[in-house]
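Student: Predicted model and sequence follow; I will ask about them next.
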Amino acid sequence: MNAVRKRARWLAPAAVLLALAAVISARAEIPLAERRSGYADLAPDTKAMQDDDTSNPGMLAVLDGEALWKTKAGNAGRACADCHADARVSMKGVAARYPAFEPTLSRPVNLEQRINICRTERQQAQPFASESKDLLALTAFVGMQSRGQPIAPPADERLRPFLDAGREAFSRRLGQFNLSCGQCHDDNWGKRLIGNIIPQAHPNGYPLYRLEWQSIGSLQRRLRNCMIGLRAEPYEYGAPEYVSLELYLMWRARGLPAETPAVRP
Amino acid sequence: MTAALEQASAQSLLRPFQVVGDAIPASLTGVAGDPVRGRAIVVKRENTCLLCHSGPFPEERFQGDLSSDLTGTGARWTQGQLRLRLVDASRVNPATIMPSYYRVEGFNRVGPAWRGKPILSAEQIEDVVAYLATLRD
């Protein structure tokens, strides 16, 4: 009897602790010196495919993007190039510092959303749909102008709450499998999940060509894949939750070289 | 208090079970499972065991290394201990990465197709317990 009561008293706070532990898993971030791009985990033939622009399938999207860059569009009848001139100069390093704070929206936007702002406001054209061929092409083209540049998230105090939200989301257990991003990508990177090596989840190659997709896709599409894998409900494309996660992933990858357009299995 | 009640009502969609120490001594279905079906469940990709574990499955080319080899599990644990580890491993180790196979509460953003359903049924849990118990060396 006494033992039962003692046990019950012990169980109440323990249950609260268990519930907390189940929601937020405490983890250590990967030390800067140990961070490595998903490129490091690629098979040699996939590395070779990424390294050679003539065999990298992502380059087709870049070429499409270059053509769109020069195409006049919308009621304004202006091309990106009419205002931004040579992308190799004007867009150098830009992708490496997105998502960035957008004052008119009071929140961060990713590169796709930033391009769509110019599309609607400067070109006065319909915005590109998420994951559409044209949006991926322009994003890949702008992204490639940062290839080799270090990921450099802006030191902007206005981003802090969003960065914190992204970090928190990365540690929150999700879905029927009840795992957080960090339990795989911080705690178990380098190990094998069946046949796949768990990468550190760096965003430095996007948009990229994924062999499983047989196409180029955005970072949000990749995050969606991981969420569905956990039997979780993914967010809508463009949702603020994704942008916060992207912001945290970029901060976590700071200093790694941009690889757009990368190739992944 | 309300949370505890809600939990009890959602969990009550599952068959009731009693945890004693670090085990669920009684079968969830009242009968013993079938080890042959249990093996098939363990190797089936969608049931995810081999995402993390390896084991005596020479026909499976891809096996995980996030956790232990299942060889010899039956010698290390009683059936009751195995049952609790499958039903809800987080009761043994709150920080575990092993999913709770017979639990429907306390999750975030479960996809609509999976909401309110355990990963494995009570019958499947018993089949897997029966199979793991045969892994004695």
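Tutor: Sure, I can see it.
Student: Around chain A, pick out the residues from chain B.
Tutor: Selection of chain B residues close to chain A by Cβ under 8 Å from any Cβ of the partner chain yields B:3-4, B:45, B:48, B:50-52, B:61-66, B:90-91, B:94-95, B:97, B:99-100, B:106-114, B:117, B:119. (C-beta placed from N, C-alpha, C; glycine too.)
Student: burial of the residue nearest to residue A:181 when sequence neighbours are not counted, as a residue count?
Tutor: Distances taken as Cβ to Cβ, 6 or more residues apart in numbering or on different chains place residue A:170 nearest to residue A:181, at 4.6 Å, with adjacent residues excluded. Under the neighbour criterion other Cβ atoms under 10 Å in any protein chain shown, residue A:170 is assigned a count of 21.
Student: How about residue A:239?
Tutor: Quick note: residue A:239 (other Cβ under 10 Å) scores 12 neighbours.
Student: Which pLDDT value goes with it?
Tutor: Residue A:239 carries a pLDDT score of 97 in this model.
Student: Just the buried residues from the residues of chain B next to chain A, in PyMOL please.
Tutor: Here is the PyMOL command that selects the buried residues among the residues of chain B next to chain A (16 or more other Cβ atoms under 10 Å in any protein chain shown):
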select buried, chain B and resi 48+50+51+52+63+64+66+90+91+97+99+100+106+107+109+110+111+114+119
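Student: follow-up on the earlier one: thinking the residue nearest to residue A:181 is in contact with residue A:182, fair?
Tutor: Yes - between residue A:170 and residue A:182 there is a contact at 5.3 Å, judged by Cβ atoms under 8 Å.
Student: Could you report the distance from the residue nearest to residue A:181 to chain B?
Tutor: 13 Å (Cβ to the nearest Cβ, to the nearest Å).
Student: residues in contact with that residue?
Tutor: A:180-182, A:185, A:245, A:248-249 (Cβ atoms under 8 Å, 6 or more residues apart in numbering or on different chains).
Student: Specify which member of those is nearest to residue A:36.
Tutor: residue A:185 (12.0 Å; Cβ to Cβ).
Student: what sits against that closest one?
Tutor: Contacts of residue A:185 by Cβ under 8 Å, 6+ apart are A:170, A:198-201.
Student: do the same with residue B:27
Tutor: B:33, B:83, B:126, B:129 are the contacts of residue B:27 under Cβ under 8 Å, 6+ apart.
Student: Quick check, pLDDT for residue A:195.
Tutor: Taking residue A:195 on its own, its pLDDT is 80.
Student: For chain B, see how far away it is.
Tutor: 4 Å.
Student: okay but that residue is in contact with residue B:62, surely?
Tutor: Yes - applying Cβ under 8 Å, one finds residue A:195 in contact with residue B:62, separated by 3.8 Å.
Student: so what does the longest helix along chain B touch, helix or strand wise?
Tutor: For chain B, the helix that runs over the most residues, judged by DSSP state H, is helix B:122-133. Counting contacts by 3 or more Cβ pairs under 8 Å, 6 or more residues apart in numbering or on different chains; DSSP states H and E, helix B:122-133 packs against helix B:35-43, helix B:73-76, helix B:79-88.
Student: what sits up against that helix?
Tutor: Outside helix B:122-133, the residues touching it (Cβ under 8 Å, 6+ apart) are B:14-15, B:27-29, B:31-39, B:41-42, B:70, B:73-74, B:77, B:79, B:82-83, B:86-87, B:101-102, B:120.
Student: could you redo the last one with a cut-off of 7 Å?
Tutor: Identification of contacts with helix B:122-133 by Cβ atoms under 7 Å, 6 or more residues apart in numbering or on different chains yields B:15, B:27-29, B:32-35, B:37-39, B:41-42, B:70, B:73-74, B:79, B:82-83, B:86-87, B:101-102.
Student: Please produce a ChimeraX select command covering the buried subset of those residues.
Tutor: The buried residues among the contacts of helix B:122-133 can be selected in ChimeraX (16+ other Cβ under 10 Å) with this line:
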select /B:15,27,28,33,35,37,38,39,41,42,70,73,74,79,82,83,86,87,101,102
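Student: give me the number of residues near the nearest residue to residue A:28 once chain neighbours are set aside?
Tutor: Among residues not flanking residue A:28 along the chain, residue A:186 sits closest, at 6.9 Å (Cβ to Cβ, 6+ apart). Counted with other Cβ under 10 Å, residues neighbouring residue A:186 total 19.
Student: Also residue A:230?
Tutor: 25.
Student: Spit out the contact partners of the closest residue to it other than its chain neighbours.
Tutor: Spatial nearest neighbour of residue A:230, excluding adjacent residues (Cβ to Cβ, 6+ apart): residue A:175 at 3.4 Å. Contact partners of residue A:175, counting by Cβ under 7 Å, 6+ apart, are A:227, A:230-232, B:107, B:109-111.
Student: how far away is residue A:175 from residue A:227?
Tutor: Note on residue A:175: its distance to residue A:227, by Cβ to Cβ, to the nearest Å, is 7 Å.
Student: so what's residue A:75 scoring on pLDDT?
Tutor: pLDDT, read off for residue A:75, is 98.
Student: low pLDDT regions in the chain?
Tutor: I'll assume chain A. For chain A, the stretches with pLDDT under 70 are A:1-27.
Student: Oops, wrong one, chain B.
Tutor: Checking chain B against pLDDT under 70 turns up B:1-12.
Student: Between the contacts of residue A:170, which sits nearest residue B:136?
Tutor: residue A:180 (35.0 Å).
Student: for residue B:28, what are its contacts?
Tutor: B:15, B:17, B:122, B:125-126.
Student: just the strands in the stretch 51-200 of chain A please.
Tutor: Using DSSP state E, counting those that start in this stretch, the strands of the stretch 51-200 of chain A run over A:100-102, A:107-109, A:192-193, A:196-197.
Student: The third one vs chain B: in contact?
Tutor: Right, the one you point to is strand A:192-193. Yes - Strand A:192-193 reaches chain B (Cβ under 7 Å from any Cβ of the partner chain) through A:192-193.
Student: Adjacent strands (with direction) for that strand?
Tutor: Under the criterion DSSP bridges, strand A:192-193 sits next to strand A:196-197 (antiparallel) in its sheet.
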